[in-house]
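K.L.:
Need coordinates for the below:
(2 chains)
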2 protein chains.
Amino acid sequence: MPRLARKRALPLSKVYGHLEPGPVLLLTTSHKGHANVMPMSWHTMLEFEPPLVGCVISGNDFSFTALNASRECVLNIPTVELASQVVGCGNSSGAQEDKFLKYGLTPQPGSMVAAPLIAQCYASFECRVFDTRLKNRYNFFVLEVVRAWVKPACKAPRTLHHRGYGLFIVGGESIQLPSKMR
Amino acid sequence: MPRLARKRALPLSKVYGHLEPGPVLLLTTSHKGHANVMPMSWHTMLEFEPPLVGCVISGNDFSFTALNASRECVLNIPTVELASQVVGCGNSSGAQEDKFLKYGLTPQPGSMVAAPLIAQCYASFECRVFDTRLKNRYNFFVLEVVRAWVKPACKAPRTLHHRGYGLFIVGGESIQLPSKMR
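P.N.:
Presented below is the predicted three-dimensional model:
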């Protein structure tokens, strides 16, 4: 498990650089005093700043109900050391058990939302629901990131990129090309 | 440059496994007899089958006009060997020049849409515009993949994952965990 290094505030203008690569996220919610966590790979940036993120959450999931009711969540980014916890959270339901307890994940209080940050994840973005126009058609929520946290020591996070059924590509080397592309 | 190996048809049910990891894509369009190509990282799966993909294309881009008018495109997936072409395509405009010619990319005819496949990319998905309800608000198009092609020899593609301004994470090792997660 990664060390529980403290996270520091990240400027909102830098959030896209962590989500645009497409890592698996752990989405946390809090609803009726019950915190839950689920992995989520279907997400995209929609705007740089304020950062808007579109994501799909199955209507069958316990997290859908919690997000829909509370209109708040946290997007946490795990690295490869958390792969078994990610898969475990995806194969169980928050309706039956406390997944934080079961998978040894440490909840930390956020500053703007009731949903907890996950201490072991290298980055955590506190979000509020911004737009639900495509919720009924595609289970698609538009979230606004209102506060962002990152572990400064984690410069080249080995993120997980899901190909389906527990097969992941792990983020490898970084390459830098001269570019004007934001 | 990757070899121009022939692609084979991929079942539509397997498309998500190539897009869900979040790679940079090269989106091709054809409009008024003019083919164009642009890199695109802001995309997400919305449905497994038929595969629906949501993506953001800036309203300033030449490709926005072409996609909006033709309602067709191809999503091509480049690997790390094409990094300089990806960045080059992102730093120039199809209004001024033929990017296929400039960057040595080889267009191939699709079977269902007028936009070309890129021969050097390991996968190419022919798409039609499916839903434009969020186009005006977020430049967000919902595409339906109608035909999919992949190079069968490319089992562990070293895809590009953009962190901004030409910095990419390259897809590294693959790991497989026992999972029920689709």
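K.L.:
how much space is there between the residue lying closest to A:V146 once chain neighbours are set aside and chain B?
P.N.:
Leaving out its chain neighbours, the residue that sits closest to A:V146 by CB to CB, 6 or more residues apart in numbering or on different chains is A:M112, at 4.9 Å. C-betas here are computed from N, CA, C, even on glycine. Plainly put, A:M112 is 23 Å away from chain B if you go by CB to the nearest CB, to the nearest Å.
K.L.:
so who does A:M112 touch?
P.N.:
A:E126, A:R128, A:V146, A:R147 (CB atoms under 8 Å, 6 or more residues apart in numbering or on different chains).
K.L.:
just curious, which of these is nearest to B:E72?
P.N.:
A:R128 (36.0 Å; CB to CB).
K.L.:
residues in contact with the helix or strand containing the closest one?
P.N.:
Assessed by DSSP states H and E, A:R128 sits inside strand A:123-131. Residues outside strand A:123-131 that contact it (CB under 8 Å, 6+ apart): A:7, A:10, A:15, A:18-19, A:51-53, A:67, A:71-77, A:108, A:110-113, A:115, A:117-118, A:141-151, A:154, A:157, B:137.
K.L.:
Quick one, which of those residues are buried?
P.N.:
Buried residues within the contacts of strand A:123-131, defined by neighbour count using 16 or more other CB atoms under 10 Å in any protein chain shown: A:7, A:10, A:15, A:18-19, A:51-53, A:67, A:72-77, A:108, A:110, A:113, A:115, A:117-118, A:141-151, A:154, A:157.
K.L.:
Point me to the residue sitting closest to the centre of chain A.
P.N.:
In chain A, the C-alpha nearest the mean C-alpha coordinate belongs to A:L75, at 2.5 Å (CA atoms, centre = their mean).
K.L.:
Looks to me like that residue is in a strand.
P.N.:
Yes: under DSSP: H, G, I helix; E, B strand; the rest coil, A:L75 falls within a strand.
K.L.:
Pairing partners for the strand holding A:R128, with directions?
P.N.:
strand A:72-77 (antiparallel), strand A:140-150 (antiparallel) (DSSP bridges).
K.L.:
how about those strands in JSON lines, adding mean pLDDT and distance to A:L177?
P.N.:
Listed next are those as JSON lines, based on pLDDT from 0 to 100; distance: least, CB to CB, whole Å:
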{"stretch": "strand A:72-77", "mean pLDDT": "98", "distance to A:L177": "23"}
{"stretch": "strand A:140-150", "mean pLDDT": "98", "distance to A:L177": "23"}
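K.L.:
nearest to A:G33, of the ones you listed?
P.N.:
Of all those, strand A:72-77 comes closest under CB to CB, at 13.8 Å.
K.L.:
what's next to the helix or strand just after that closest one, contact-wise?
P.N.:
Per DSSP H and E, the first helix or strand lying C-terminal to strand A:72-77 is helix A:83-90. Outside helix A:83-90, the residues within contact range by CB under 8 Å, 6+ apart are A:24, A:26, A:37-39, A:78, A:99, A:102-105, A:120, A:160, A:166, A:168, B:175, B:177-181.
K.L.:
and the helix or strand containing A:S63, which residues are buried?
P.N.:
Secondary structure from DSSP H and E places A:S63 in helix A:62-70. Of all the residues in helix A:62-70, those buried under the rule 16+ other CB under 10 Å are A:F62, A:S63, A:F64, A:T65, A:A66, A:L67, A:N68, A:S70.
K.L.:
Now do that helix: distance to the chain's middle.
P.N.:
Here helix A:62-70 is found 15 Å from its chain centre; the criterion is CA atoms, centre = their mean, to the nearest Å.
K.L.:
Would you pull up the residue in chain A closest to chain B?
P.N.:
Relative to chain B, the nearest point of chain A is A:G22 (1.2 Å; CB to the nearest CB).
K.L.:
Measure how buried that residue is and give me the count.
P.N.:
Counted with other CB atoms under 10 Å in any protein chain shown, the neighbours of A:G22 add up to 32.
K.L.:
Please list all residues in contact with it.
P.N.:
Applying CB under 8 Å, 6+ apart, the residues near A:G22 are A:S41, A:H43, A:H161, B:E20, B:P21, B:G22, B:P23, B:S41, B:H161.
K.L.:
which residue packs closest to it, ignoring adjacent ones?
P.N.:
A:G22 sits nearest to B:G22 (CB to CB, 6+ apart), 1.2 Å away.
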